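In: predicted coordinates and the sequence they were generated for:
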Amino acid sequence: MSEKKKIDFEIIVYDSIEELSNSERQLIQNAIQARKKAYAPYSNFNVGAAILLENGEVVIGSNQENASYPSGLCAERVAIFQAGARFPGITIKTIAITAASNNYIVENPAAPCGNCRQAILEYELKQKEPIKLLLMGEVGKIIQCNAISDILPLGFSNTFLK
Ligand code: THU
């Protein structure tokens with residue numbers, strides 16, 4: 001007998017960074033600074049990510065493109081792999097992400113791509129604590145997601161590999 005199930009999740013939409021807590025606003029500022037270090041000569045789409053760890057450290061990343069396009073990497077994975085490499089075992093609290101184009105104003109919050117969601121999910125499952133996301137364009141509203149698993153429902157995990 002089939003069963004219909006619904007998956008839903010909550011987000012918080014902030015009108016501006018002024019509505020965020022001091023530490024969240026600071027993390028967004030870190031992501032904006034990271035975004036300015038993007039190497040994106042092919043897409044002209046600059047993304048910055050800033051990760052707040054439980055020990056107070058902030059790890060940043062920006063997208064790094066390559067003439068061989070698939071060899072480039074998104075800002076989120078540059079940041080999360082750096083966090084994993086530099087601070088193994090330290091809980092990841094929040095990731096702030098911001099995007100800006102050289103060609104137009106990005107007004108909608110930038111959401112991580114599917115590959116980045118999967119990469120971040122690995123750490124969320126490992127630490128058994130949700131990773132909060134703060135998503136922003138260049139201007140405009142900010143979306144808060146309370147867990148990466150919320151935006152990657154039915155995600156792949158190591159439970160399949162046992
Ligand atoms: N990009 C990111 O850095 N993060 C995302 O979540 C989406 C896309 C980068 C990859 C590429 O350098 C550029 O944005 C255009 O896709």
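Out: Now that the structure is in, tell me what you want to look at. Numbering: from 1, shown residues only.

In: quick check: Ser21 vs the ligand, distance?
Out: 24 Å (Cβ to the nearest ligand atom, to the nearest Å). C-beta here means a position set from N, CA and C on the backbone, and glycine is covered the same way.

In: again with Tyr14
Out: 20 Å.

In: can you check Asn44 too?
Out: 9 Å.

In: can you give me the pLDDT of that residue?
Out: Asn44 is assigned a pLDDT of 98 by the prediction.

In: quick one: contacts for the residue nearest to it when sequence neighbours are not counted?
Out: Closest residue in space to Asn44, ignoring its immediate chain neighbours: Asn102 at 3.9 Å, by Cβ to Cβ, 6 or more residues apart in numbering. For Asn102, the contacting residues are 44-46, by Cβ atoms under 8 Å, 6 or more residues apart in numbering.

In: how about 10 Å then?
Out: 38, 40-41, 43-46 (Cβ atoms under 10 Å, 6 or more residues apart in numbering).

In: ok, which residues in this structure are in contact with the ligand?
Out: Contact residues (Cβ under 6 Å from any ligand atom) of the chain with the ligand: 40, 43, 45, 47, 63, 65, 72, 74-76, 112-113, 116.

In: hmm, 8 Å instead?
Out: Counting by Cβ under 8 Å from any ligand atom, the residues of the chain close to the ligand are 38, 40, 42-43, 45-47, 49, 62-65, 72-78, 97, 99, 110-113, 116.

In: quick revisit: just the buried subset of the contacts of Asn102, written out for ChimeraX, thanks.
Out: Burial among those is assessed by 16 or more other Cβ atoms under 10 Å; the matching ChimeraX selection reads:
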select :38,40,45,46
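
In: strands of this structure, residue ranges please.
Out: 11-14, 45-53, 58-62, 92-101, 132-136, 142-145 (DSSP state E).

In: other SSEs contacting the last one?
Out: Applying 3 or more Cβ pairs under 10 Å, 6 or more residues apart in numbering; DSSP states H and E, one finds that strand 142-145 makes contact with strand 11-14, helix 22-35, strand 92-101, strand 132-136.

In: in that strand, which residues are buried?
Out: Quick answer for strand 142-145 (16+ other Cβ under 10 Å): 142-145.

In: residues touching that strand, excluding its own?
Out: 9-17, 19-20, 24-25, 28, 94-98, 108-112, 130-137, 151.

In: run the chain-centre distance for it.
Out: 11 Å (Cα atoms, centre = their mean, to the nearest Å).

In: again with the third one
Out: The chain centroid and the centroid of strand 58-62 are separated by 10 Å, computed with Cα atoms, centre = their mean.
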